[in-house]
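Chemist: test case, fold it:
(chains A and B)
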Amino acid sequence: MERTEAELIAAVLQGDAASFEPLVQRYSPRVFATARRYARRESEIEDIAQEVWLKAFEKLKSFRGEAPFEHWLMRLTVRTCYDFLRGHQRNRESPFSDLTEPENDWLERFVAQPETASENAEAAKLLVGRILERLSPPARLVITLLEIEDRSVKEIARLTGWSVPLVKVRAFRARAEMRKIMAKMARDKYL
Amino acid sequence: MDHWQSLQSKLIAVARANPPSDRVPYAFEKRVMALLAARSAAEPLALWVRGLWRAAVSCTVVALLLGAWAFFNPAASTKADDLSQNFESTLLASVDQSDQMQ
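Modeler: From the prediction side, this is the model:
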């Protein structure tokens, strides 16, 4: 019979480290999906996921069981991803002149007829990735959580440990930052 | 809605329409468990090493403080000499007495 989450956690806390494995198996897909929003290379994504689970094991005593384990784990994952972003602020200043041909085509199609530009085009996905990579760590985190994952301000505050007003301020700044990056992209491309 | 706003909305829609994969590398959980096992095995040794380092640092600090005190306080050093002489005469008092008796 499959043991419940609470039973597994209680067993780990009593010293049975092997009971941690089913938890890793069950929740790793969510951890990996979250990590892939902030890191591009598979090796970096694996490092983030590994760090999340090592931290989760270390801090399991602090899990009080009032909220589901998944929420606690997601908080840990988002904070680890944020630390990763702060530690890897590269490529933020590189120019947009190196856009690939499909990316240029997609942009030109969007400029000519915005409604015909496909949302599933590989070029569009790459373009989003490029823009997100140029955002500052707090801006990227807030845009991802608020705009892409469609989470509420309260939820973001809980996940990040920031206050509600701080999330609002950072969201405002993040949108402005994103517009600035898009303007720079247009300048690099057309001037 | 301005042009940037609509491009921003479009790009956000693109990101929403293409969520990242939740694929987990093969035997990832085994790797995590092996790391945890290696960590817990290294833990008692790490505790010893940490304890020994702390002891070494505190001993060095005490030795330096006493050295500095002896160096900058010659009066105390003289007192220390007196103390050693007093200690010696106390220790040898019985021998002195027996010498005088003879």
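Chemist: for residue A:45, grab the count of nearby residues.
Modeler: Counted with other Cβ atoms under 10 Å in any protein chain shown, residues neighbouring residue A:45 total 25. C-betas here are computed from N, CA, C, even on glycine.
Chemist: I'd assumed residue A:33 was in contact with it.
Modeler: No: Residue A:45 is beyond contact range of residue A:33, at 9.8 Å (criterion: Cβ atoms under 8 Å).
Chemist: show me what counts as buried in stretch A:46-54.
Modeler: A:46, A:48-53 (16 or more other Cβ atoms under 10 Å in any protein chain shown).
Chemist: list, out of those residues, those positioned next to chain B.
Modeler: A:46, A:49-50, A:53 (Cβ under 8 Å from any Cβ of the partner chain).
Chemist: so can I have TSV of those residues showing distance to residue B:101?
Modeler: Listed next are those as TSV, based on distance: Cβ to Cβ, whole Å:
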residue	distance to residue B:101
A:46	89
A:49	89
A:50	84
A:53	84
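Chemist: so which of these belong to helices?
Modeler: Here DSSP state H is the test, and those give A:46, A:49-50, A:53 as lying in helices.
Chemist: and of those, the nearest to chain B?
Modeler: Nearest to chain B among those: residue A:53, at 4.7 Å, using Cβ to the nearest Cβ.
Chemist: leaving aside the residues adjacent along the chain, what's closest to that closest one?
Modeler: residue B:32 (4.7 Å; Cβ to Cβ, 6 or more residues apart in numbering or on different chains).
Chemist: equivalent analysis for residue A:33, please.
Modeler: What sits nearest to residue A:33 in space, not counting adjacent residues and going by Cβ to Cβ, 6+ apart, is residue B:22, at 3.9 Å.
Chemist: tell me the contacts of the one you found?
Modeler: Residues in contact with residue B:22 (Cβ atoms under 8 Å, 6 or more residues apart in numbering or on different chains) are A:29-30, A:32-33.
Chemist: just the buried residues of these.
Modeler: Looks like the contacts of residue B:22 have A:32-33 buried, using 16+ other Cβ under 10 Å.
Chemist: can you list the contacts of residue B:22 in a markdown table and add distance to residue A:150 and secondary structure?
Modeler: Output for those, formatted as a markdown table (distance: Cβ to Cβ, whole Å; DSSP: H, G, I helix; E, B strand; the rest coil):
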| residue | distance to residue A:150 | secondary structure |
| --- | --- | --- |
| A:29 | 19 | helix |
| A:30 | 16 | helix |
| A:32 | 20 | helix |
| A:33 | 15 | helix |
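Chemist: not counting its neighbours along the chain, what's nearest residue A:140?
Modeler: That would be residue A:132: by Cβ to Cβ, 6+ apart, it lies 5.5 Å from residue A:140.
Chemist: quick check: the one you found touching residue A:144?
Modeler: Yes: assessed by Cβ under 8 Å, residue A:132 is found in contact with residue A:144 at 7.2 Å.
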